[in-house]
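Asks: mind looking at a prediction? Sequence and model below.
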Amino acid sequence: MPAYVLVDAEVYDHEAADRYRVLAEESIARYGGRYLIQGTVPEAAEGGWPAGRVVTTLEFPDMARLREWHTSPEYARAAAVRAGAIDVRMLFAEGTPA
């Protein structure tokens, strides 16, 4: 069953964020993940959304692979670059059959 990473982020340092994106993209692909939505400013249809925050959604084959990616040395390098440059809230959610 697919598993998803839902990310809400605010970028403080665009240069570091660019370096993070390269490392993160490589690590995500290596662990079978793919981007469904990448760094998009959402349109709030109901309620509000803080200015300057973007959303990203990733899909992995399953929760085990997602967790393997999240604890991988490749992603740890990306997260180290991200520290202080991007404020991130990250959720994991397992998909459900249609």
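Replies: Done, it's in.
Asks: contacts and neighbour counts: CA atoms only from here.
Replies: OK.
Asks: sketch out the low-pLDDT regions of the protein for me.
Replies: The chain contains residues with pLDDT under 70 at 97-98.
Asks: in it, which spans are strands?
Replies: Using DSSP state E, the strands of the chain run over 3-11, 34-40, 53-60, 86-94.
Asks: longest helix of the chain, counting residues only.
Replies: helix 14-30 (DSSP state H).
Asks: what helices or strands is it leaning on?
Replies: Judged by 3 or more Cα pairs under 8 Å, 6 or more residues apart in numbering; DSSP states H and E, the packing partners of helix 14-30 are helix 73-82.
Asks: which outside residues touch the helix it packs on?
Replies: 16-17, 19-21, 23-24, 27-28, 69-70 (Cα atoms under 8 Å, 6 or more residues apart in numbering).
Asks: can you pick out the most distant pair from those?
Replies: Farthest-apart pair in those is 16 and 69; separation 20.8 Å (Cα to Cα).
Asks: more crowded one of those two?
Replies: residue 69 (22 against 16; other Cα atoms under 10 Å).
Asks: if I look at the residue nearest to the more buried one when sequence neighbours are not counted, how far off is residue 65?
Replies: Nearest in space to residue 69, with sequence neighbours left out and distances taken as Cα to Cα, 6 or more residues apart in numbering, is residue 31 at 5.6 Å. The gap separating residue 31 from residue 65 is 7 Å, by Cα to Cα, to the nearest Å.
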